[in-house]
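*Asks:* Quick check, what structure comes out for this input:
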Amino acid sequence: MSANDASLHTAVNDLYCEHHGWLNGWLRQRLGNAFDAADLTQDTFVRVLKARSALEIREPRPYLSRVANGLLIDLFRRRSLEQSYLQALAAMPEALQPSPEEQAIMLQALVEIDRLLQGLGPKVKQVLILSQFDGLTYPQIAAQLGISLRSVNKHMAKAMEHCCLMQIQMQLA
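*Replies:* Model prediction:
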């Protein structure tokens, strides 16, 4: 282990020992659930470890709460998406419902798609969904949304650029 790795290890260990209990309590207050709080506490420290940022943290509690809050938002978003998916499944005739394995694969795909689309404006997101999921042509999208063909092209370019950048970020994480 290099000296830098040893310093990082010590910094993360100290951060964990000094603030784990506080962060867990902070999350438990917001969630009302000790199990989810414990999971998000661990995920927060994993993020800190992966980011290799423990040596630069000057204000540990604001930093940890910011990281944990982002994970909390992700959890609520994922649960909302899962609930919508389960409602859509419940509305389907039983004979057409996918197997439990297929459901799990589709839910994971929905979560990944949601993550890729995070941060896009509503119009850009709508254009992308109409194109890629509904199979509409650019002229059909322009007509449906009441925007110019040039705007559809601009929105699609922005959406594709965003998705590519998000994919790269997810691979690096």
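*Asks:* and stretch 44-55, average pLDDT?
*Replies:* Mean per-residue pLDDT for stretch 44-55: 82.
*Asks:* buried stuff in it?
*Replies:* Neighbour-count burial for stretch 44-55 flags T44, F45, R47, V48, S53, A54 (criterion: 16 or more other C-beta atoms under 10 Å). All C-beta atoms are positioned from the backbone trio N, CA, C, and that covers glycine.
*Asks:* Likewise for stretch 27-42?
*Replies:* L27, R28, L31, D36, A37, L40, T41.
*Asks:* and what of stretch 149-162?
*Replies:* Quick answer for stretch 149-162 (16+ other C-beta under 10 Å): S151, V152, H155, M156, K158, A159, H162.
*Asks:* Tell me the one of those nearest P122?
*Replies:* Among those, H155 lies closest to P122 (C-beta to C-beta), at 10.5 Å.
*Asks:* OK, contacts around the residue lying closest to that closest one once chain neighbours are set aside?
*Replies:* Residue nearest to H155 in three dimensions, not counting chain neighbours: V127, with 4.0 Å by C-beta to C-beta, 6 or more residues apart in numbering. Residues touching V127, when contacts are defined by C-beta atoms under 8 Å, 6 or more residues apart in numbering, comprise I141, L145, V152, H155, M156, A159.
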